[in-house]
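Undergrad: model this:
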Amino acid sequence: MNTIRPGWLLLPMASLHCRPRQARLICASALVGFCLFGLTQGLKFSLKGLSRGGGHFSPLDALTTLVVSLGLLTMLFLTSTAISQSVRNDIGDLAILKALGFSSSRIIFSVFLEAALPGLLGAVLGLCLSHPTAVYLLHLLSRGHVLPSPHIGLGQLGLALALTTLILLAGVLLPALRIIRMNVATALSGQP
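TA: Residues are numbered from 1 along each chain as shown. So this is what the prediction gives:
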């Protein structure tokens, strides 16, 4: 019995198989970015418990915001570079898809899914690694003092997944413009 795969998932899966280097780069950048995100959120929660009455610890808030922002900007840069390189390398294949009748939006969605699969995997792995790392760092920092256990709530997890989606959408923006403006005849002839 033949099974039919959904067409919207077939192209990204095939392209990930052909370009594991870009997929690993996207996954690794998401892993590091969201490990930093979870680590700083967990440490901020634990260290806020040390301040009187669980009040605000504003220098720590500023520092964690800076670290998380730099990590996420690095993830955006690496992801957009990998996606742009992927589109640039496969412009002929994308032109063939356009010549076969695929719409620009469907090709862009395929490129987005190609980045989203390893990006979300890296984000989930990074968040999973952040808790044990935060516990270890708190153990090193405590030196015999009892510190509250780090905690990452559902709000932070939802924020992390929303940030991942926004970063991936921003990374696909420039390649999407290139796909929309692509002249099929020029792309098929191999001219830049």
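
Undergrad: Sketch out the low-pLDDT regions of this protein for me.
TA: For the chain, applying pLDDT under 70 flags the ranges 1-19, 43-61, 141-148, 191-192.

Undergrad: Okay, helices next: where are they in it?
TA: Secondary structure of the chain, counting by DSSP state H: helices at 7-18, 20-48, 58-89, 91-99, 104-142, 154-181, 184-189.

Undergrad: Can I get those helices in TSV including mean neighbour count?
TA: C-beta here means a position set from N, CA and C on the backbone, and glycine is covered the same way. Listed next are those as TSV, based on neighbours: other Cβ atoms under 10 Å:
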stretch	mean neighbour count
helix 7-18	14
helix 20-48	22
helix 58-89	17
helix 91-99	17
helix 104-142	19
helix 154-181	16
helix 184-189	13
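
Undergrad: give the contact list for the closest residue to residue 116 other than its chain neighbours.
TA: Leaving aside its sequence neighbours, residue 116 sits nearest to residue 168 (Cβ to Cβ, 6 or more residues apart in numbering; 5.3 Å). Going by Cβ atoms under 8 Å, 6 or more residues apart in numbering, residue 168 touches 79, 112, 115, 116, 119.

Undergrad: Now do residue 98 against residue 105, distance only.
TA: Separation of residue 98 from residue 105 (Cβ to Cβ, to the nearest Å): 11 Å.

Undergrad: For residue 79, which non-adjacent residue is spatially closest?
TA: Leaving aside its sequence neighbours, residue 79 sits nearest to residue 171 (Cβ to Cβ, 6+ apart; 4.0 Å).
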